[in-house]
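Engineer: turn this into a model:
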Amino acid sequence: MGFSVIENPLRTIWVPVDFANSAKTLYEGAIVGSTLSSSVPAGEGVDAIGAAAGASDTTGKAVPFGVILGFNNSADSGTYSSTYMGQSATSVGTQALQVARSFRGAEGMFAKSDPMLLAKVAVIGADTILKGRIFNGAYGTAPTVYSNTAASSTGGGVTTSALGETPITYNHTWFCRSGANRGLYRTAYDTSTTTHTFYLTFPQDIAVGDTFCPVFLRLGTCAAQFDTASTYLEAQPDYSSNYYLIDVLELHLETAGEEYAIFKFNADQLCAARA
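Structural biologist: The predicted structure follows:
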């Protein structure tokens, strides 16, 4: 399953899933927003905000609205996604396909007899705190762990095989999985794929063979990227052109395959008309 709201949801509501002339498939735990074009609506409901387009998503200008908790599918018509580890649903537009749906459970402003696909959404705001899994390129693929290949007697450098993408300065955090610094986090300032340097050094020497798990995130405001279905945080995205801005409160990289971040959206991301 994707993201979850852990503090300060604004409310829980039922909303239509966007169709806009073509079916949309959404997943439980996805971050969704209204479909916009030039800051005005371009669809009937919500869709995944997807990956950012432009710096601070100033090309895409997606506005996070909420996190999907479920759908108004009946128990016998729901679809489980083994890829995203949760329920999925696909919108329909025609009379025949709507009438053919097996549905129930919707509340709020919509009639219980309305056959359109509805999503139950936890609405988020500037103070809403989210928990998101961190994966590397695909849902379920854990961030890569690297072995250090050059000893450092100052604790100020880690040398590895090439990272998947080029990091940006002060936007990549390294967690030591094994060695004298096991259990410690440090933020690197380099922009190299192989030589990683720290002004705030690790307190113990770094030996050849010590292992580290890096992710392209940091505490505080930082660049971040989601997958196209907006169900997880990318571990090593390409930040040269495209990213969101989020405010990270906690990073947890201790357990392989269970890496996650606690964060909120930077308030700038919640504005539809932004430069």
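
Engineer: looking at the residue nearest to residue 216 when sequence neighbours are not counted now. What's its pLDDT?
Structural biologist: Nearest residue to residue 216 in three dimensions, chain neighbours excluded: residue 172, at 5.0 Å (Cβ to Cβ, 6 or more residues apart in numbering). (Glycine included, C-beta is placed from N, CA and C.) Listed pLDDT for residue 172 reads 98.

Engineer: list the contacts for residue 172?
Structural biologist: 187-188, 196, 214-218 (Cβ atoms under 8 Å, 6 or more residues apart in numbering).

Engineer: if you set the cut-off to 7 Å instead, what comes out?
Structural biologist: Shown in contact with residue 172 (Cβ atoms under 7 Å, 6 or more residues apart in numbering): 188, 214-216.

Engineer: can you tell me how far it is from residue 106?
Structural biologist: 43 Å (Cβ to Cβ, to the nearest Å).

Engineer: and residue 269, that one's in a helix?
Structural biologist: Yes. The assignment for residue 269 is a helix, going by DSSP: H, G, I helix; E, B strand; the rest coil.

Engineer: residue 158 and residue 148 touch, don't they?
Structural biologist: Yes. Here residue 158 reaches residue 148: they are 5.2 Å apart, a contact under Cβ atoms under 7 Å.

Engineer: what do those two both touch?
Structural biologist: If you check residue 158 and residue 148 against Cβ under 7 Å, 6+ apart, the residues they both contact are 206, 212.

Engineer: who has more neighbours, these two?
Structural biologist: Using other Cβ atoms under 10 Å, the more surrounded residue of residue 158 and residue 148 is residue 158, with 28 against 21.

Engineer: hey, what's the more buried one bridged with?
Structural biologist: Here residue 158 sits in beta bridges with residue 196, going by DSSP bridges.

Engineer: if I look at it, how far off is residue 151?
Structural biologist: 10 Å.

Engineer: repeat that for residue 142.
Structural biologist: 26 Å.

Engineer: likewise for residue 73?
Structural biologist: Distance from residue 73 to residue 151, by Cβ to Cβ: 57 Å.

Engineer: walk me through the domains of the protein.
Structural biologist: The chain breaks down by automatic domain parsing into domains covering 4-128, 131-270.

Engineer: confidence-wise, which of these is weakest overall?
Structural biologist: domain 4-128 - the lowest mean pLDDT of the domains of the chain, at a mean of 90.

Engineer: start and end of it, how far apart?
Structural biologist: For domain 4-128, the first and last residues are 10 Å from each other (Cα to Cα, to the nearest Å).

Engineer: for stretch 18-31, same thing?
Structural biologist: Using Cα to Cα, the two ends of stretch 18-31 sit 14 Å apart.

Engineer: same question for stretch 259-274.
Structural biologist: One end of stretch 259-274 sits 32 Å from the other (Cα to Cα).

Engineer: identify the residues contacting residue 52.
Structural biologist: Residue 52 touches 60, 225, 242-244, counting by Cβ under 7 Å, 6+ apart.

Engineer: cool, residue 178 as well?
Structural biologist: Residue 178 touches 210-211, counting by Cβ under 7 Å, 6+ apart.

Engineer: list the beta-bridge partners for it.
Structural biologist: Residues in beta-bridge contact with residue 178 (DSSP bridges): residue 211.

Engineer: still on that earlier bit, what's the closest of the contacts of residue 172 to residue 69?
Structural biologist: Among the contacts of residue 172, residue 215 lies closest to residue 69 (Cβ to Cβ), at 26.4 Å.

Engineer: not counting sequence-adjacent ones, nearest residue to the closest one?
Structural biologist: Here the residue nearest residue 215, using Cβ to Cβ, 6+ apart, is residue 235, at 4.8 Å.

Engineer: wait, the one you found touches residue 133, no?
Structural biologist: No. In this structure residue 235 lies outside contact range of residue 133 using Cβ under 7 Å: 10.0 Å.

Engineer: neighbour count for those two, which is higher?
Structural biologist: More neighbours surround residue 235 than the other of residue 235 and residue 133, with 26 against 22 (other Cβ under 10 Å).

Engineer: give me the phi and psi for that one.
Structural biologist: The phi and psi values for residue 235, taken as degrees, to the nearest 10, are phi -70, psi -40.
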